[in-house]
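Peer 1: Sequence and predicted structure, then a few things I'm wondering about:
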Amino acid sequence: MKNILKKLMIASLVLTLALPVGSWSGANAEAAEVTQTQPAKPVKLSKKVLKLKVGQKKKLVLKNAAGKVTWKSKNSSVAKVGRKGVVRAKKSGKTTIIARFGGKKYKCKVTVTAPASSSRSSSGSSSSGSSSDTSKTGTVYWTPGGSVYHYSRSCPTLSRSRIVYSGTPSESGKSRGCKVCG
């Protein structure tokens with residue numbers, strides 16, 4: 001008799017542990033709702049169209065992408081893109097920046113224009129080269145691919161360029177002046 005009682009106790013204990021706690025009260029339906037996962041947010045590019053002036057930079061972001069993103073420019077002579085999605089305008093034209101993630105491509109069309117209020121001068125034309133050209137608040141000169149602006153048109157580092165723009169330091173889009181002529 002004791003043996004049968006022991007077996008019944010063990011069987012009831014096993015059944016009690018095997019059944020989920022919420023199955024008696026209908027709380028199981030609520031638990032199922034709580035444990036459902038939210039659908040993943042769609043991956044998308046921060047901008048689909050980007051307009052830049054020569055020398056400007058803009059960072060593109062692939063939103064909701066957790067992992068490695070690879071960036072590429074279809075025409076890197078117009079605009080380059082770095083590993084972190086920073087687009088740098090080099091010369092006037094159009095290109096497409098492509099971000100790759102998870103086997104998919106995300107595209108941003110980039111249009112690069114020359115600074116609007118600048119005037120072009122070719123390397124064959126001459127400037128006065130007077131002391132007014134070296135004024136740090138007056139006219140400065142820069143090239144489309146350069147990283148600095150120049151205070152004098154006759155700067156030796158500027159003389160090699162075929163295309164030279166002129167304007168104010170803020171119009172150049174460059175953050176600092178040349179160390180040679182400044």
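Peer 2: Cool, got the structure. Numbering: from 1, shown residues only.

Peer 1: how close does Ile4 get to Leu17?
Peer 2: Per Cβ to Cβ, to the nearest Å, Ile4 is found 21 Å from Leu17. Every C-beta, even on glycine, is put in place using the N, C-alpha and C of the backbone.

Peer 1: right, I mislabeled it, should have said Val110
Peer 2: 63 Å.

Peer 1: Neighbour count: these two, which is higher?
Peer 2: Shown here are Val110 and Leu17; by other Cβ atoms under 10 Å, Val110 has more neighbours (25 against 7).

Peer 1: Assumed that one was part of a strand.
Peer 2: Yes. Counting by DSSP: H, G, I helix; E, B strand; the rest coil, one finds Val110 located in a strand.

Peer 1: isn't it right next to Lys91, touching?
Peer 2: No. Applying Cβ atoms under 8 Å, one finds Val110 not in contact with Lys91, separated by 11.8 Å.

Peer 1: What's the mean pLDDT across the helix ranked longest in the chain?
Peer 2: Using DSSP state H, we find that the single longest helix of the chain is helix 2-18. Throughout helix 2-18, pLDDT has a mean value of 80.

Peer 1: Ok, stretch 159-175 next?
Peer 2: 80.

Peer 1: Straight-line length of that stretch, end to end?
Peer 2: In stretch 159-175, first residue to last residue: 21 Å (Cα to Cα, to the nearest Å).

Peer 1: Any idea how far that stretch is from the middle of the chain?
Peer 2: Centroid displacement of stretch 159-175 relative to its chain, using Cα atoms, centre = their mean, to the nearest Å, is 25 Å.

Peer 1: list the buried ones in it?
Peer 2: Ser161, Ile163, Val164, Tyr165, Ser166, Gly167, Pro169, Glu171, Ser172, Gly173, Lys174 (16 or more other Cβ atoms under 10 Å).

Peer 1: Restricted to strands, list these.
Peer 2: The strands, defined by DSSP state E, take in Ile163, Val164, Tyr165, Ser166, Gly167 from the buried residues of stretch 159-175.

Peer 1: In JSON lines, list these along with distance to Ala114.
Peer 2: Output for these, formatted as JSON lines (distance: Cβ to Cβ, whole Å):
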{"residue": "Ile163", "distance to Ala114": "9"}
{"residue": "Val164", "distance to Ala114": "12"}
{"residue": "Tyr165", "distance to Ala114": "7"}
{"residue": "Ser166", "distance to Ala114": "12"}
{"residue": "Gly167", "distance to Ala114": "11"}
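
Peer 1: ok, so of those residues, who is nearest Leu50?
Peer 2: Tyr165 (20.9 Å; Cβ to Cβ).
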